[in-house]
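[1] please work out how this folds:
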Amino acid sequence: MKPPPMEHEGARAAVAREVPLDPNGKNGRLRIYIGEDKRHGDQSLYEAIVLKARNMQMAGATVVRGTLGYGRSTRLHTTEVVFSEDLPVIVEIVDSHEKIRSFVPLLAGFNEIGLVTCDDVSVLLYPPVTVAADK
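    Numbers count the residues shown, from 1 in each chain. Next up is the predicted model:
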C-alpha cells in the first residue's frame, strides 16, 4: 500500500537554516530504522521524525523505503508478500554531530523505532538555497 502524500501547511515553504553545513567539516549521518506501518499519533512515524528534524532546522532528511529486511524478530518484511504494509524504512538525516546529538534525545518520544545509528560523513557539496523574491 502506497502511503498518502504528506499535506502540511507550509510544506513547501522554506525554513531558513541558521548555519550551513561546512563542506570541509566532519558531519554525521543519522539513520533511523523503522517499519513503514509504524505510527505516531495520526501520522506515520517516518513523517513525524522528518517533521521534527525540519522544525529543528536539521540540514536535511530523506526517507528511503526498502524492499526486503528484518530486525530483532528476524521476521522478513518484503515486497514479495502481496499488500505488505510493513516494509523497512530508513530515515536519514545529515547534519553536524552537535545538531545530531541534540536531536537524538527527542527520538525517545517516538515508540516503535527499531535501531538508530550514526556515522561520520564528509560533505562534498552543499550549495546555498536561493529563494526567489515575491513579486
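[2] beyond the longest helix belonging to the chain, next helix or strand please.
    Longest helix in the chain, counting residues (DSSP state H): helix 45-55. Elements were assigned by DSSP states H and E; along the chain past helix 45-55, the next helix or strand is strand 60-65.
[3] for this structure, give me the ranges with low pLDDT.
    1-20, 80-85, 131-135 (pLDDT under 70).
[4] where's the residue sitting nearest the centre point of the chain relative to A108, distance?
    Taking Cα atoms, centre = their mean, the centroid of the chain lies closest to V91, which sits 3.3 Å from it. Distance of V91 to A108, computed by Cβ to Cβ, to the nearest Å: 15 Å. (Glycine included, C-beta is placed from N, CA and C.)
[5] now do I90
    I90 sits 19 Å away from A108, taking Cβ to Cβ as the criterion.
[6] tell me which of these two has more neighbours.
    When neighbours are counted by other Cβ atoms under 10 Å, I90 comes out ahead of the other of I90 and A108, with 18 against 8.
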